[in-house]
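In: My questions are about this predicted structure, shown below with the sequence.
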Amino acid sequence: DILLASGDSLAMGYTGGVVMISGGVGRSEHPVDGGDGGVVAISGGESYGMNLDVDKGGDTLVAGGSAAAGPGGNLHLVSGRSSTTSSGEVAIGTADSGLLGGTGSIF
């Protein structure tokens, strides 16, 4: 297991630590084929079990933070910007199903 967490804050008015994961920067400005930014990929674990009812792939959970009194944390899905051309796309979908199932819902 790997647990990555930032520090807690107990002091009034302070915020708990930030965890930021970022792909590498492609710094080459060459006009023919400059550097591309690195990908950040997060996925649940694969399952090789053969039981149709209990052997499932690992979930991937992305959630805003909970709050005791104020509003909960927001969830932002934002494509990358471009200084010259179009911004990136935002794609949300479900994978194709196997022979005995249907694709998952988006709600």
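Out: Looks like it came in fine.

In: how much space between the residue positioned nearest the centre of the chain and residue 26?
Out: When C-alpha atoms, centre = their mean is applied to the chain, the residue found nearest the centroid is residue 42 (5.7 Å). Going from residue 42 to residue 26 by C-beta to C-beta, to the nearest Å gives 20 Å. For the C-beta atoms, the positions are set from N, CA and C on the backbone; glycine is no exception.

In: what sits up against stretch 85-102?
Out: 52, 77-82, 103-106 (C-beta atoms under 8 Å, 6 or more residues apart in numbering).

In: which residue packs closest to the residue nearest to the centre of the chain, ignoring adjacent ones?
Out: residue 60 (6.2 Å; C-beta to C-beta, 6 or more residues apart in numbering).

In: and if you look at residue 27?
Out: residue 35 (5.3 Å).

In: Identify the residues contacting the one you found.
Out: 25-29.

In: wait, which of these is closest to residue 7?
Out: Checking the contacts of residue 35 against residue 7 by C-beta to C-beta gives residue 25 as the nearest, at 26.0 Å.

In: pretty sure that closest one contacts residue 37?
Out: Yes. The criterion here is C-beta atoms under 8 Å, and residue 25 meets it with residue 37 at 6.3 Å.

In: Tell me where the chain has helices.
Out: Using DSSP state H, no helices are found in the chain.

In: Run through it and note the low-pLDDT ranges.
Out: Nowhere does the chain drop to pLDDT under 70.

In: how many other residues sit next to residue 57?
Out: The number of residues packed near residue 57 is 13, by other C-beta atoms under 10 Å.

In: Begin at 49 from now on, thanks
Out: Understood, numbering begins at 49; the last thing we discussed is residue 105.

In: Cheers, nothing more for now.
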